[in-house]
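S.K.: here's my sequence, what's the structure:
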Amino acid sequence: MFRIKSSVPAALFALALMLSGAARADLPDFTQLAEKSTPAVVNITSRQSGEGNKSGGDSDEQEIPDIFKRFFGDPRSPQNPHGRGGISGGSGFIISADGYLLTNHHVVDGADDVTVRLKDRREFKAKVVGSDAQSDVALLKIDGKDLPTVTIGSSDRLKPGQWVIAIGSPFGFEHSVTAGIVSAKGRSFSDDQRYVPYIQTDVPINRGNSGGPLFNMAGEVVGINSQIFSNTGGYMGLSFAIPIEIATKVADQIKTTGHVTRGSLGVLIQEVNREMSDALGLPRIGGALVGKVNPGSPAEKAGLKVQDVILAYNGTAIDHSGELPPLVGTTAPGTRATLTVFRDGKTLELPVVVTELKDDRRQAAATPSTGTTSGNGLGVVVGAISDEDREQLELGNEGVVVEKVTGVEARRAGLQEGDVILMVGRKQIASVKDFEAASRAAPAGKAVMLLVRRGDASSFVAITPPAAKE
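M.R.: Prediction:
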């Protein structure tokens with residue numbers, strides 16, 4: 001009896017071992033991929049004269065932003081044991097046998113001297129051929145022949161859940177191999193890098209991995225590791241890579257022309273939320289809401305208007321506003337494109353000729369003049385704008401300035417003192433009187449769109465005036 005009873009857990013234990021062995025057998029083996037690819041991955045050391053480093057490679061932990069932390073190499077790494085002296089580390093990879101290689105802009109930004117070290121311990125002085133801050137891509141050149149190279153793949157075919165691996169030099173530990181899966185694609189961040197649809201992974205990467213390659217299971221480079229999401233500076237399961245198509249296009253432009261050009265429509269856009277979708281009558285929540293159309297821009301010439309929603313660009317659907325800038329940015333200036341636009345319940349097709357992006361940003365805030373103010377159902381008190389502020393903000397006769405936010409809905413929408421209200425619904429606002437009339441016309445209990453200027457940026461907010469109490 002005892003033997004019969006003991007055989008049950010023994011059998012289960014044997015079955016568990018067999019199943020766990022089968023599970024392990026199903027896991028990918030990265031050894032061949034790593035052995036093939038590692039020789040083309042390099043360690044990069046950047047040195048800058050003086051005490052500081054533009055890229056922050058020797059910054060103290062407290063000086064690094066808490067949310068998105070690029071990984072420049074540990075300030076106390078083997079390459080820089082004292083944490084000072086203008087030395088920072090990173091990674092890169094060779095893309096041509098004659099010595100061209102890719103890394104991140106922030107790895108070599110401001111460097112006076114760049115050293116590249118291969119897996120076979122050879123060292124080369126590298127020339128920075130060119131660097132682009134907006135894509136965080138740099139092209140380097142070393143003098144060599146018959147150098148090992150990576151195989152360039154495509155990030156377009158990547159899908160969430162697929163295995164990927166990173167090879168780099170975290171904290172100075174050269175040619176470290178880590179693995180994970182693709183978490184998402186097309187992630188967008190700040191305006192500074194709005195032209196990069198980042199690949200999100202859970203591959204463990206840290207400082208020093210920056211600029212290193214992200215490989216698919218075929219051993220092809222699909223991205224350049226660039227950023228992590230962290231509150232501590234260490235790996236927390238959120239890593240981001242620049243798609244290799246973006247990087248190679250930037251590198252090709254740097255190599256052939258010495259600089260990078262991007263396409264532009266001449267609009268400011270923003271995300272569409274549920275309230276905005278309801279106010280506009282959109283059939284679904286999505287697209288890029290147009291908050292400003294620059295005078296003389298391709299968008300204006302194409303007939304695009306403020307409060308239009310761009311649903312597609314050249315047939316590619318826009319689900320989130322951040323998906324539009326990379327599509328436009330990678331379009332060569334002079335190219336004809338088609339915008340699919342939602343306006344007043346109708347879908348329009350607008351042809352547009354993309355022009356070259358000119359980066360010209362201004363920061364300013366409006367202060368009220370001594371003009372009349374008004375309280376209203378939208379929950380704000382507004383006033384006229386001084387002539388001096390109009391000139392600084394490059395405003396014509398349009399707009400009133402928010403002097404006080406009194407309503408709960410207005411606060412919830414994020415309105416602040418000093419904001420300039422340019423439109424209420426589809427009505428242009430040129431005076432306090434215009435604003436009062438538009439406010440009275442806004443139906444209670446239904447969301448109304450306000451176009452608001454803050455600094456150099458315009459965006460829409462949706463406010464629902466409270467229903468009248470009976």
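
S.K.: residues touching the helix or strand E275 falls within, excluding its own?
M.R.: Assigned by DSSP states H and E, E275 belongs to helix 274-280. The contact list for helix 274-280, computed with Cβ atoms under 8 Å, 6 or more residues apart in numbering, reads 272, 282, 284-286, 289, 307, 309, 342, 446-449, 460, 462, 464. Yep, even glycine has a C-beta here, placed from its N, CA and C like the rest.

S.K.: buried sites along that helix?
M.R.: Using 16 or more other Cβ atoms under 10 Å as the test for burial, helix 274-280 gives 275-277, 279-280.

S.K.: possible to save these as a markdown table with distance to A299 and pLDDT?
M.R.: Listed next are those as a markdown table, based on distance: Cβ to Cβ, whole Å; pLDDT from 0 to 100:
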| residue | distance to A299 | pLDDT |
| --- | --- | --- |
| E275 | 25 | 89 |
| M276 | 19 | 90 |
| S277 | 22 | 90 |
| A279 | 22 | 89 |
| L280 | 18 | 91 |
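
S.K.: that older thread, is it possible to mark the buried ones in the contacts of helix 274-280?
M.R.: In the contacts of helix 274-280, burial by neighbour count holds for 272, 282, 286, 289, 307, 309, 342, 447-449, 460, 462, 464, counting by 16+ other Cβ under 10 Å.

S.K.: nearest residue to R453 other than its sequence neighbours?
M.R.: V420 (3.9 Å; Cβ to Cβ, 6 or more residues apart in numbering).

S.K.: thought the one you found was touching E403?
M.R.: No. Using Cβ atoms under 8 Å as the test, V420 is too far from E403 to be in contact (11.4 Å).

S.K.: those two: which has the busier surroundings?
M.R.: More crowded of V420 and E403, by other Cβ atoms under 10 Å: V420, with 25 against 18.

S.K.: which residues does the longest strand seen in the chain contact?
M.R.: Longest strand in the chain by number of residues (criterion: DSSP state E): strand 176-187. Here strand 176-187 makes contact (Cβ under 8 Å, 6+ apart) with 28, 30, 34, 38, 155, 158-170, 197-205, 209, 238-240, 320, 322-323, 326.

S.K.: among the residues you listed, which are in helices?
M.R.: Judged by DSSP state H, helices contain the following of the contacts of strand 176-187: 34, 326.

S.K.: just the buried residues out of the contacts of strand 176-187, in ChimeraX syntax.
M.R.: The command below creates a ChimeraX selection of those among the contacts of strand 176-187 that count as buried (16+ other Cβ under 10 Å):
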select :30,34,38,155,158,163,164,165,166,167,168,169,170,197,198,199,200,201,202,203,204,205,209,238,239,240,322,323,326
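
S.K.: who does the residue nearest to R453 form a beta bridge with?
M.R.: When bridges are called by DSSP bridges, V420 pairs up with V401, R453.

S.K.: then G263?
M.R.: Applying DSSP bridges, one finds that G263 bridges with E356.

S.K.: over to S46?
M.R.: Applying DSSP bridges to S46, the residues it is bridged with are S88, V114.

S.K.: still on that earlier bit, quick one: buried residues of the longest strand of the chain?
M.R.: For strand 176-187, the neighbour count (16+ other Cβ under 10 Å) marks 176-180, 182-183, 185, 187 as buried.

S.K.: pull up the pairing partners for that strand, direction included.
M.R.: Sheet pairing for strand 176-187, using DSSP bridges, gives strand 163-168 (antiparallel), strand 198-201 (antiparallel).

S.K.: tell me how many other residues crowd the closest residue to T261 other than its chain neighbours.
M.R.: Nearest residue to T261, sequence neighbours excluded (Cβ to Cβ, 6+ apart): E356, at 5.4 Å. E356: 11 surrounding residues under other Cβ under 10 Å.

S.K.: my guess is E356 contacts L265, does it?
M.R.: No. Using Cβ under 8 Å, E356 makes no contact with L265, being 11.4 Å away.

S.K.: what segments of the chain are helices?
M.R.: Remark: helices assigned in the chain by DSSP H are 2-26, 31-37, 105-108, 244-257, 274-280, 298-302, 324-329, 387-393, 408-412, 432-441.

S.K.: most tightly packed of these?
M.R.: helix 105-108 (a mean of 27; mean count of other Cβ atoms under 10 Å).

S.K.: what about that one, distance to the chain center?
M.R.: Centre-to-centre, helix 105-108 and its host chain are 17 Å apart (Cα atoms, centre = their mean, to the nearest Å).

S.K.: wait, F435 touches G425, no?
M.R.: No. The pair F435 / G425 is not scored as a contact, 11.4 Å apart, by Cβ under 8 Å.

S.K.: which one of the buried ones among the contacts of helix 274-280 is nearest to I94?
M.R.: Nearest to I94 among the buried ones among the contacts of helix 274-280: G286, at 40.9 Å, using Cβ to Cβ.

S.K.: hang on, the earlier thing: let me see the contact set for the residue nearest to T261.
M.R.: 261-264, 333.

S.K.: cool, and L158?
M.R.: Contacts of L158 by Cβ under 8 Å, 6+ apart are 164, 182, 185, 199, 216, 222.

S.K.: next, format those as CSV and append pLDDT.
M.R.: Below are those laid out as CSV (pLDDT from 0 to 100):
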residue, pLDDT
V164, 97
V182, 96
K185, 92
I199, 95
N216, 96
V222, 97
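
S.K.: and the nearest residue to G315 once chain neighbours are set aside, what are its bridge partners?
M.R.: Spatial nearest neighbour of G315, chain neighbours left out: T338 (7.2 Å); criterion: Cβ to Cβ, 6+ apart. Beta-bridge pairing for T338 (DSSP bridges): P351.

S.K.: which ones are touching the closest residue to P243 other than its chain neighbours?
M.R.: Nearest non-adjacent residue to P243, counting by Cβ to Cβ, 6+ apart: S155, 4.0 Å away. By Cβ under 8 Å, 6+ apart, the contact list for S155 reads 185, 199, 222-223, 243-245.

S.K.: next one: the residue nearest to T261 from N294, what distance?
M.R.: According to Cβ to Cβ, to the nearest Å, E356 and N294 sit 13 Å apart.

S.K.: sorry, back to before: which of the contacts of helix 274-280 lies closest to L101?
M.R.: L101 has its nearest neighbour among those in G286, at 39.2 Å by Cβ to Cβ.

S.K.: residues near the closest residue to that closest one other than its chain neighbours, how many?
M.R.: Distances taken as Cβ to Cβ, 6+ apart put D319 closest to G286, at 4.8 Å, once the chain neighbours are dropped. If you count neighbours by other Cβ under 10 Å, D319 ends up with 15.

S.K.: pLDDT wise, what is D319 at?
M.R.: Looking at D319, its pLDDT stands at 91.

S.K.: so it makes contact with A288?
M.R.: No. D319 is beyond contact range of A288, at 9.6 Å (criterion: Cβ under 8 Å).

S.K.: what is the nearest residue to V250 once chain neighbours are set aside paired to in the beta sheet?
M.R.: Counting by Cβ to Cβ, 6+ apart, V250 lies nearest to V137, which is 4.4 Å off, once chain neighbours are set aside. Counting by DSSP bridges, V137 is bridged to D132.

S.K.: neighbours of V137, how many?
M.R.: 26.

S.K.: hmm, it is touching I244, no?
M.R.: No. The criterion here is Cβ under 8 Å, and V137 misses it with I244 at 10.1 Å.

S.K.: mutual contacts of the two, please.
M.R.: Common neighbours of V137 and I244 (criterion: Cβ under 8 Å, 6+ apart): I224.
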